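Peer 1: here is my input; please provide its structure:
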Amino acid sequence: MLYFFLFLILAASAGIFFLVFRKRLFGDRHFRFKLFTNIGERYWIKRIKRSPKDPVLYKKLASWYLRNKKIDDAVQALQYVIELNPEDKEAKNKLEKIQDRPA
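Peer 2: Residues are numbered from 1 along each chain as shown. I've put the predicted structure just below:
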């Protein structure tokens, strides 16, 4: 029974510590989101370095760029996909949609 109460006290103090210092520990949301998105970009680039002739990886990188509103980078990645595989209709359609968008 004593251990249970000690555990409760420890858990409560850890929760209070977290509430007090969470801003210092994690920073603001924008910074965390930016950190997460940069990790995603680095992940795909690292995978591409391992197999630079794989068009699927470039398509995934282009999709990541589109989700993060890096349109110019997405266009470059899709153009390289088409260069690697000229018969890739999905990449061609996606590239046409991007280029048809109003600026």
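
Peer 1: which residues in this structure form helices?
Peer 2: Ranges of helices in the chain, per DSSP state H, are 2-26, 29-50, 55-67, 71-84, 89-100.

Peer 1: now those in JSON lines, with mean pLDDT and mean neighbour count?
Peer 2: (Glycine included, C-beta is placed from N, CA and C.) Written out in JSON lines, the entries for these read as follows (pLDDT from 0 to 100; neighbours: other C-beta atoms under 10 Å):
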{"stretch": "helix 2-26", "mean pLDDT": "72", "mean neighbour count": "9"}
{"stretch": "helix 29-50", "mean pLDDT": "73", "mean neighbour count": "12"}
{"stretch": "helix 55-67", "mean pLDDT": "92", "mean neighbour count": "19"}
{"stretch": "helix 71-84", "mean pLDDT": "95", "mean neighbour count": "18"}
{"stretch": "helix 89-100", "mean pLDDT": "92", "mean neighbour count": "14"}
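
Peer 1: what's stretch 78-94 in contact with?
Peer 2: Contacts to stretch 78-94, defined as C-beta atoms under 8 Å, 6 or more residues apart in numbering, come from residues 53, 55, 58, 59, 62, 95, 98.

Peer 1: the third one and residue 102: what is the separation?
Peer 2: Pointing back at residue 58 there. Between residue 58 and residue 102 the distance is 25 Å, computed by C-beta to C-beta, to the nearest Å.

Peer 1: ok, now the fifth one?
Peer 2: In this structure, residue 62 and residue 102 are 20 Å apart, going by C-beta to C-beta.

Peer 1: from residue 3, how far off is residue 10?
Peer 2: Spatial separation of residue 10 from residue 3 under the definition C-beta to C-beta is 10 Å.

Peer 1: actually residue 81, not the one I wrote
Peer 2: Applying C-beta to C-beta, one obtains 60 Å for the distance of residue 81 from residue 3.

Peer 1: could you do residue 54 as well?
Peer 2: On the measure of C-beta to C-beta, residue 54 and residue 3 end up 55 Å apart.

Peer 1: distance between the ends of stretch 66-77?
Peer 2: Length of stretch 66-77, first residue to last, C-alpha to C-alpha, to the nearest Å: 11 Å.
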